[in-house]
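K.L.:
quick one: sequence and predicted model below, then my questions.
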Amino acid sequence: MAVTESVAEDAYGEERTVHEGILGRQSARESAARTYARALPIVPVRARGLTIEGADGRRYLDCLSGAGTLALGHNHPVVLEAIRRVLDSGAPLSVLDLATPVKDAFITELFHTLPPGLAGRARVQFCGPAGTDAVEAALKLVRTATGRTGMLAFTGAYHGMTAGAMAASGGAGDVRVARLPYPQDYRCPFGVGGPRGAELAARWTESLLDDPKSGVPLPAGMIVEPVQGEGGVIPAPDAWLRRMREITADRSIPLIADEIQTGVGRTGAFWAVEHSGVTPDVMVLSKAIGGSLPLAVVVYRDDLDAWQPGAHAGTFRGNQLAMAAGTATLAHVRRNALAERAATLGARMLSRLRQLQDAFPCVGDVRGRGLMIGIELVDPESEPTGPDEDPFGGDHRFIAEGPRSTRTPHRAAPELAAAVQRECLQRGLIVELGGRHACVVRLLPPLTISDEQAAAVMDRLADAVAAAARRWRDRGHRHRHQGAPAPGNG
């Protein structure tokens with residue numbers, strides 16, 4: 001027995017040495033811009049489905065899923081088989097924009113999934129391999145088609161890291177895009193929340209476009225996320241999204257839906273715009289459509305196809321392995337009703353998380369759609385950050401689509417959210433942080449997650465929140481006892 005334990009300890013020591021060596025070399029050689037590697041100091045060496053195994057021998061439940069890229073989880077058999085078929089066939093792997101059987105199959109399957117109002121008259125543009133490349137192409141497309149230059153985007157948005165995509169995102173420093181209020185419940189920009197706040201946001205948009213002195217000329221397009229991901233997992237109210245469709249259609253403004261993270265069943269519908277019944281003029285797609293490999297596509301209404309040959313391109317737009325993996329993923333999600341499964345399981349997980357919200361005052365809000373879930377951490381000892389009553393009163397056109405949170409918003413607690421993420425990792429659970437102040441713990445599990453795995457995720461997360469909240473509370477008591485302000489910022 002002692003010999004066996006000694007061998008196991010030696011093996012673990014070797015694994016730790018490999019693990020720490022790789023992390024050390026990464027820190028010494030890679031850019032300071034790295035992000036996930038800082039909060040998640042793991043070295044993945046094997047993965048299947050929801051599970052990742054690190055170089056140190058530890059196993060983790062992965063609720064990051066490549067930032068939503070892995071709709072079917074890691075190394076799903078149908079994806080691996082699709083890739084092997086292309087490799088074994090001797091087909092070229094990169095073909096620019098030439099026609100191939102692999103590309104033809106991908107486009108055919110993609111068209112099977114598109115909203116009916118778009119599928120019948122759609123065009124497809126393959127561009128660079130990342131979602132931000134698709135956003136750049138979409139902005140360029142609507143500017144070419146309309147002859148206009150301005151764009152409308154929303155507070156809290158995230159569309160990518162290239163120049164044009166960043167200009168349309170919530171963190172833009174050099175503003176060249178008109179910014180509109182994105183309705184949300186817990187931290188409503190008007191201090192109202194619910195359908196009343198969404199109505200005010202819609203009226204603001206109409207006023208901005210119709211006021212000749214607003215300083216915003218008729219734009220080339222509007223880009224919107226049906227659920228803001230990096231912005232804090234904030235679903236757009238369906239009625240509000242329909243209003244955005246009406247407002248843009250009445251003024252001949254192309255509506256661009258950013259479905260890069262919300263697409264392929266993630267939110268409980270194949271495309272998140274389907275919840276509202278909205279048909280956009282343009283959809284930008286990436287992440288899950290490549291079946292874990294780099295692929296980005298712009299799908300748009302045929303009357304916008306005003307580009308000249310060569311007006312937009314990308315060297316890696318003909319990635320055959322990604323198209324094969326994407327076809328397999330799209331077909332598997334569609335045939336196995338995984339969007340419906342995401343809706344059912346996501347609702348169950350949200351219900352469990354709301355019990356957590358009731359138990360811990362530091363859980364300010366729980367929200368999401370399907371398997372795109374967010375938990376906002378706050379400092380419950382801080383002063384409320386906004387009014388809780390409707391200061392405007394009057395009649396409102398929207399019908400309520402769900403209860404507003406009964407919690408008064410408190411100051412964001414990014415340090416607490418980071419502590420929850422660390423506690424999760426210690427328990428073998430990988431989660432992401434997002435939101436305006438990095439105070440939202442995000443869950444993006446694969447659509448293939450089982451009921452048992454979902455229960456394990458909830459158990460580990462609840463345990464992590466309890467541990468982090470206890471330390472936060474104890475630390476706050478110490479600070480107050482010493483005469484210092486309670487921890488937290490927002």
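P.N.:
That came through fine.
K.L.:
now residue 236: how far from residue 200?
P.N.:
Computed with C-beta to C-beta, to the nearest Å, the distance linking residue 236 and residue 200 is 15 Å. Bear in mind the C-beta positions are built from the backbone N, C-alpha and C, glycine included.
K.L.:
so for these two, which residue has more residues nearby?
P.N.:
Neighbour count, other C-beta atoms under 10 Å: between residue 236 and residue 200, residue 236 has more, with 27 against 20.
K.L.:
from residue 139, how far out is the more buried one?
P.N.:
Taken as C-beta to C-beta, the spacing of residue 236 relative to residue 139 amounts to 20 Å.
K.L.:
show me where the protein has helices.
P.N.:
In the chain, helices defined by DSSP state H lie at 2-29, 36-39, 65-68, 77-89, 101-113, 116-119, 131-146, 163-167, 194-210, 238-250, 320-335, 338-359, 414-426, 451-481, listed in chain order.
K.L.:
and the last one, which residues are buried?
P.N.:
Put plainly, it is helix 451-481. 453-454, 456-458, 460-462, 464-465, 467-469, 472-473, 476 (16 or more other C-beta atoms under 10 Å).
K.L.:
cool, and stretch 76-86?
P.N.:
When burial is assessed from 16+ other C-beta under 10 Å, stretch 76-86 yields the following buried residues: 76, 78-79, 82-83, 86.
K.L.:
residue 380: how many residues sit nearby?
P.N.:
Residues within reach of residue 380, counting by other C-beta under 10 Å, total 21.
K.L.:
was I right to think it contacts residue 409?
P.N.:
No: in terms of C-beta atoms under 8 Å, residue 380 does not count as a neighbour of residue 409; the distance is 10.8 Å.
K.L.:
which residues do those two both contact?
P.N.:
Shared contacts of residue 380 and residue 409 (C-beta atoms under 8 Å, 6 or more residues apart in numbering): residue 364.
K.L.:
show the end-to-end separation of stretch 329-340, please.
P.N.:
15 Å (C-alpha to C-alpha, to the nearest Å).
K.L.:
ok, and what's touching it?
P.N.:
Applying C-beta under 8 Å, 6+ apart, the set of residues contacting stretch 329-340 from outside is 71-72, 76, 78-79, 106, 109-110, 112-113, 264-265, 267-270, 288-292, 370, 447-448.
K.L.:
ok, now with 6 Å
P.N.:
Stretch 329-340 is touched from outside by 71-72, 78, 109, 113, 264-265, 268-270, 291, 447, with contacts defined as C-beta atoms under 6 Å, 6 or more residues apart in numbering.
K.L.:
give me the residue at the spatial middle of this protein.
P.N.:
Taking C-alpha atoms, centre = their mean as the criterion, residue 229 is the residue nearest the geometric centre of the chain, at 3.5 Å.
K.L.:
dump the residue contacts of that residue.
P.N.:
Under the criterion of C-beta under 6 Å, 6+ apart, the contact partners of residue 229 comprise residue 261.
K.L.:
from residue 425, how far off is it?
P.N.:
Between residue 229 and residue 425 the distance is 21 Å, computed by C-beta to C-beta.
K.L.:
with residue 290 instead?
P.N.:
Residue 290 is 27 Å from residue 425, where distance means C-beta to C-beta.
K.L.:
more neighbours: which of these two?
P.N.:
Comparing residue 290 with residue 425 by other C-beta under 10 Å, the one with more neighbours is residue 290, at 26 against 19.
K.L.:
how close does the more buried one sit to residue 139?
P.N.:
Residue 290 is 21 Å from residue 139, where distance means C-beta to C-beta.
K.L.:
for residue 211, same thing?
P.N.:
Computed as C-beta to C-beta, the residue 211 to residue 139 distance reads 24 Å.
K.L.:
of these two, who's got more company?
P.N.:
Set side by side, residue 211 and residue 139 give different neighbour counts by other C-beta under 10 Å, the larger being at residue 139 (26 against 10).
K.L.:
OK, contacts around the more buried one?
P.N.:
Shown in contact with residue 139 (C-beta under 6 Å, 6+ apart): residue 164.
K.L.:
same question, residue 431
P.N.:
The neighbours of residue 431, taking C-beta under 6 Å, 6+ apart as the test, are 63, 421, 424, 441.
K.L.:
next, count neighbours for the nearest residue to the last one once chain neighbours are set aside.
P.N.:
The one in question is residue 441. Of all residues beyond its chain neighbours, the one nearest residue 441 is residue 375 (4.5 Å), with distances taken as C-beta to C-beta, 6 or more residues apart in numbering. Other residues near residue 375 come to 29 when the count uses other C-beta under 10 Å.
K.L.:
now residue 149
P.N.:
Each residue near residue 149 was counted by other C-beta under 10 Å, and the total is 12.
K.L.:
and the one 10 residues further on, by the same measure?
P.N.:
For residue 159, the neighbour count with other C-beta under 10 Å is 31.
K.L.:
quick one: it from residue 130, how far?
P.N.:
Residue 159 sits 11 Å away from residue 130, going by C-beta to C-beta.
K.L.:
likewise for residue 265?
P.N.:
If you go by C-beta to C-beta, the gap between residue 265 and residue 130 works out to 21 Å.
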